[in-house]
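Participant: Let's see this in three dimensions:
(one chain, ligands or ions: 1)
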Amino acid sequence: MSTVIVLGAQWGDAGKGKVVDLFSERFDIVARYQGGHNAGHTVFIGEKKFVLKLIPSGILRPGVEAVIGNGVVIDLAALLQEMETLEAMGIAVSKNLRISNRAHVIFPFHRLIEKMSEARENRVPIGTTSRGIGPCYEDKTGRRGIRMADLFDPESFRTMYDVLAADKKTLADTFQLNEEIDYAAIRQQTEEYAARIQSLVCDTAVLLHDAMSHGKRVMFEGAQGTMLDVDHGTYPFVTSSSAAAGGACTGTGVPPTKINGIIGVSKAYITRVGSGPFPTESKDAAGDLLRREGNEFGAVTGRPRRCGWFDVPLLRYTAMVNGFDSLVITKLDVLDHLDEIPVCVGYKLCGADVHEMPATWRALEMIQPVYEKLPGWRTSTRGIARYEQLPERAQSYLKFLEGKTGVEVGGISTGPERNETIIRPGSKLDGLI
Ligand code: IMP
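Facilitator: Prediction:
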């Protein structure tokens with residue numbers, strides 16, 4: 001039995017979609033544990049480009065079951081649209097997708113509440129994806145949320161929905177939200193959508209336990225990244241869910257004792273979308289080059305991503321919080337043209353060394369990164385699939401990251417295609433997947 005968590009080691013967009021898709025060949029089930037359609041996983045298979053937002057990337061592999069766990073929040077319209085797009089591309093979604101009956105439902109008014117909240121005077125705008133994710137999780141922890149199971153109990157659903165709608169009406173009136181919201185139409189539409197996916201909804205914790213007890217292999221797919229985790233990330237510039245490894249247990253109902261390994265995914269540099277501190281951000285031509293070479297534009301919102309250099313203190317922090325067994329370094333080829341590559345090896349604050357990740361965004365904004373510059377390899381690594389074939393300087397770069405972060409680099413991605421990947425034989429990663 002092998003049960004592994006694959007998650008982002010930075011602020012998301014690390015290339016997990018490709019990694020999970022690649023590894024899923026060796027698993028029976030791929031399960032998402034948090035987030036919603038704010039995530040964007042892009043997978044290239046030959047000529048075809050798949051953008052997955054809510055459905056685990058494992059769905060692209062025939063025979064692999066995809067599970068949306070209880071920790072995920074679901075916009076039914078977005079889910080149905082994604083299902084239809086994938087079905088039209090020949091993917092057997094209805095056959096292989098299962099959805100937790102405990103996952104919470106995002107309603108259209110969650111998006112409007114979010115817009116209002118982001119725009120409020122004196123509030124620090126987070127730069128969210130505007131998908132209603134935060135307000136839905138607010139309702140969940142406020143214990144007034146509506147879960148998938150509730151949708152199939154029409155009488156209770158209507159009562160719960162009407163109470164929730166009355167709350168939102170009060171909020172909208174209080175904050176003078178001018179947009180018209182047709183609550184009755186939303187309720188009716190939700191009932192229609194729910195009927196279309198009813199056969200896919202079940203107790204996915206039971207499904208996962210049964211599968212594991214029969215020796216099936218399960219991979220948990222994190223969305224976003226550790227630095228966007230609501231507890232361990234750069235609060236308040238975070239998403240509203242538990243993106244770190246611990247979230248895999250609470251978000252699926254699988255206990256920590258059943259997890260065999262944890263794999264962190266990180267780019268060979270760093271990106272971030274939305275607002276918030278980013279110590280190694282490069283706002284000059286080098287940042288532009290990373291954006292251009294790495295095509296760094298959000299898969300969901302299309303926003304240009306902020307780009308910067310690999311940050312060892314940040315990786316050491318996310319390795320601590322998650323307990324990474326191995327790292328997969330993605331987009332190594334994006335660095336191919338650089339003469340030298342800065343790597344942040346330490347933080348200073350007001351001239352003093354910083355040994356812990358600051359808890360406040362204000363302190364993080366003031367961090368001065370300490371850089372070491374490594375020589376670039378200035379030759380293409382695109383598509384290389386064996387470690388020994390990497391230029392010596394690229395190997396030295398990876399060894400440097402390994403030494404400084406204290407985590408093995410078990411995998412390297414050298415292009416978007418499945419075969420443009422190195423899995424180092426004998427690595428912990430190789431043993432886990
Ligand atoms: P929310 O998740 O829409 O509430 O947005 C909160 C923060 O998380 C914003 O800075 C978003 O840009 C960021 N975020 C949410 N999902 C992703 C993702 O999948 N990749 C990268 N950033 C994300």
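
Participant: what does the protein have sitting close to the ligand?
Facilitator: Residues of the chain lying near the ligand by C-beta under 6 Å from any ligand atom: 11-13, 38-40, 126-129, 131, 133-134, 223-224, 228, 237, 239-240, 273-274. Heads up, the C-betas are built off the backbone N, CA and C, glycines and all.

Participant: Grab the nearest non-local neighbour of Gly298.
Facilitator: Spatial nearest neighbour of Gly298, excluding adjacent residues (C-beta to C-beta, 6 or more residues apart in numbering): Val273 at 5.0 Å.

Participant: how about that neighbour, what does it touch?
Facilitator: By C-beta atoms under 8 Å, 6 or more residues apart in numbering, the residues touching Val273 are Trp11, Gly12, Asp13, Gly127, Gly298, Thr301, Arg303, Arg305, Arg306.

Participant: How about Gly251?
Facilitator: Arg32, Tyr33, Gln34, Gly69, Asn70, Gly71, Val72, Ser241, Ser242.

Participant: Quick check: the gap between it and Gly142.
Facilitator: Applying C-beta to C-beta, to the nearest Å, the value for Gly251 to Gly142 is 18 Å.

Participant: Would you mind finding the longest strand in this protein?
Facilitator: Counting by DSSP state E, the longest strand found in the chain is strand 340-349.

Participant: on contacts alone, who are the packing partners of that one?
Facilitator: Helices and strands touching strand 340-349, by 3 or more C-beta pairs under 8 Å, 6 or more residues apart in numbering; DSSP states H and E, are helix 312-322, strand 352-354, strand 368-375, helix 392-405.

Participant: most tightly surrounded among the ones you listed?
Facilitator: helix 312-322 (a mean of 21; mean count of other C-beta atoms under 10 Å).

Participant: was I right about Arg217 contacting Asp28?
Facilitator: Yes. With contact defined as C-beta atoms under 8 Å, Arg217 reaches Asp28; the gap is 5.2 Å.

Participant: The contacts of Gly251 in strands, which ones?
Facilitator: Counting by DSSP E, the part of the contacts of Gly251 found in strands is Arg32.

Participant: would you list the contacts of Gly251 in a markdown table and tack on pLDDT and neighbour count?
Facilitator: Shown next, in a markdown table, are the contacts of Gly251 (pLDDT from 0 to 100; neighbours: other C-beta atoms under 10 Å):
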| residue | pLDDT | neighbour count |
| --- | --- | --- |
| Arg32 | 97 | 31 |
| Tyr33 | 98 | 31 |
| Gln34 | 98 | 31 |
| Gly69 | 98 | 28 |
| Asn70 | 98 | 22 |
| Gly71 | 98 | 27 |
| Val72 | 98 | 29 |
| Ser241 | 98 | 29 |
| Ser242 | 98 | 24 |
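
Participant: List just the nearest of the contacts of Gly251 to the ligand.
Facilitator: Distance to the ligand, by C-beta to the nearest ligand atom, is smallest for Ser241 among those, at 7.8 Å.

Participant: Give the residue spans of the protein that score low on pLDDT.
Facilitator: 1 (pLDDT under 70).

Participant: Nearest to the ligand: which residue in it?
Facilitator: Closest to the ligand within the chain is Gly274: 2.2 Å, counting by C-beta to the nearest ligand atom.

Participant: Just to check, Met212 is in contact with Thr3?
Facilitator: Yes. Met212 lies in contact with Thr3 (C-beta under 8 Å); the separation is 6.6 Å.

Participant: Those two: which is more packed in?
Facilitator: Comparing Met212 with Thr3 by other C-beta atoms under 10 Å, the one with more neighbours is Thr3, at 22 against 18.

Participant: My read is that the more buried one contacts Ser213, right?
Facilitator: No. Counting by C-beta under 8 Å, Thr3 does not reach Ser213; the two are 11.7 Å apart.

Participant: quick revisit: distance check, the residue nearest to Gly298 against Thr318.
Facilitator: Distance from Val273 to Thr318, by C-beta to C-beta: 17 Å.

Participant: ok, now His214?
Facilitator: Taken as C-beta to C-beta, the span from His214 to Thr318 is 33 Å.

Participant: what sits against Asp75?
Facilitator: With contact taken as C-beta under 8 Å, 6+ apart, Asp75 is in contact with Gly36, His37, Leu54, Val105, Ile106, Arg131, Gly132.

Participant: Unless I misread the structure, Gly145 falls within a strand.
Facilitator: No. Per DSSP: H, G, I helix; E, B strand; the rest coil, Gly145 lies outside any strand segment and is coil.

Participant: Run through the residues that contact the nearest residue to the residue of the chain closest to the ligand once chain neighbours are set aside.
Facilitator: Closest residue to Gly274 apart from its sequence neighbours, by C-beta to C-beta, 6+ apart: Gly127 at 3.4 Å. Applying C-beta under 8 Å, 6+ apart to Gly127 gives the contacts Phe237, Val273, Gly274, Ser275, Gly276.

Participant: out of everything not next to it in sequence, what's closest to the first one?
Facilitator: Okay, so that is Phe237. Nearest to Phe237 is Gly276, by C-beta to C-beta, 6+ apart, at 2.6 Å.

Participant: is it true that that neighbour touches Arg306?
Facilitator: No. With contacts counted by C-beta under 8 Å, Gly276 stays clear of Arg306, the gap being 9.3 Å.

Participant: who's the nearest residue to Leu398 once chain neighbours are set aside bridged to?
Facilitator: Leaving out its chain neighbours, the residue that sits closest to Leu398 by C-beta to C-beta, 6+ apart is Val409, at 4.9 Å. For Val409, the residues forming beta bridges with it (DSSP bridges) are Leu327.

Participant: So the residue sitting furthest away from the middle of the chain: helix, strand or coil?
Facilitator: Ranking residues of the chain by C-alpha distance from their mean position (C-alpha atoms, centre = their mean) puts Glu155 at the top, at 35.3 Å. Following three-state DSSP, the label given to Glu155 is helix.

Participant: got the contact list for it?
Facilitator: So Glu155 contacts nothing (C-beta under 8 Å, 6+ apart).

Participant: Is it correct that Pro236 falls within a helix?
Facilitator: No. Applying three-state DSSP, one finds Pro236 to be coil, outside a helix.

Participant: and the gap between it and Arg306?
Facilitator: Applying C-beta to C-beta to Pro236 and Arg306 gives a distance of 17 Å.
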